[in-house]
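[1] How does the following fold in three dimensions:
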Amino acid sequence: MGKNMWAKVVQRGILTREAADEEGHAALVLRNPDGTWELPGGKVEYDETERESLEREVREETGLVVTAAEPVETAVRKLKPKKRRGKFAVVYRCAFEGSEVELSDEHVAFAWRGLDAITETNLKQVDEYRSLRRVLASIDDGSRSARPVDPRPGPGPAARVDREEARNGEGEP
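    Here you go, the predicted model:
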């Protein structure tokens, strides 16, 4: 390992709705041309905040608008051996507006998959599979983690500054 290593930051969104043909909830997955499936999302651009990036990627790939997001998992993905780089992935549970999915040219199909169907879906990344199972299970069993998604920004630098100002009596608690 060592010097000159870096990681691309990627973000993925778990968008859920009530399942139409089965009990429980279903999550949106997108099919790649190679036959694998993934969550909507992509890499953070240089001039974006984490929230702007997530909103842009989901809108570009699905036509849906993220209205709130809460991080549920982070993962470091394998380094590419000859390129000396890896990926740092953040998966969010997202609230969204819109009902019609409009695919970009990056994907060839989409599906709303429930908890049982996720196990039969060839997801590209293991961390996305873990996150999906955990979020769908928590929603379907009504556990505490199924609470509504917080519309405030995630724990980025701006959120830390706001909390610090609140402690010093300069901002809102």
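
[2] what about residue 20, which SS state?
    coil (DSSP: H, G, I helix; E, B strand; the rest coil).

[3] next one: residue 101
    coil.

[4] Hmm, it is touching residue 62, no?
    Yes. Counting by C-beta atoms under 8 Å, residue 101 does reach residue 62; the two are 5.1 Å apart. C-beta here means a position set from N, CA and C on the backbone, and glycine is covered the same way.

[5] Sort out which residues of the longest strand along the chain are buried, please.
    Across the chain, the longest stretch assigned as strand under DSSP state E is strand 65-80. When burial is assessed from 16 or more other C-beta atoms under 10 Å, strand 65-80 yields the following buried residues: 66, 68, 69, 70, 71, 72, 73, 75.

[6] same for that strand, what does it pack against?
    Strand 65-80 makes packing contacts with strand 6-18, helix 50-62, strand 85-97, helix 126-140 when contacts are defined by 3 or more C-beta pairs under 8 Å, 6 or more residues apart in numbering; DSSP states H and E.

[7] Can you add mean neighbour count and distance to residue 33 and give the ones you listed back as CSV?
    Converted to CSV, these look like this (neighbours: other C-beta atoms under 10 Å; distance: least, C-beta to C-beta, whole Å):
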stretch, mean neighbour count, distance to residue 33
strand 6-18, 19, 18
helix 50-62, 20, 14
strand 85-97, 20, 20
helix 126-140, 19, 18
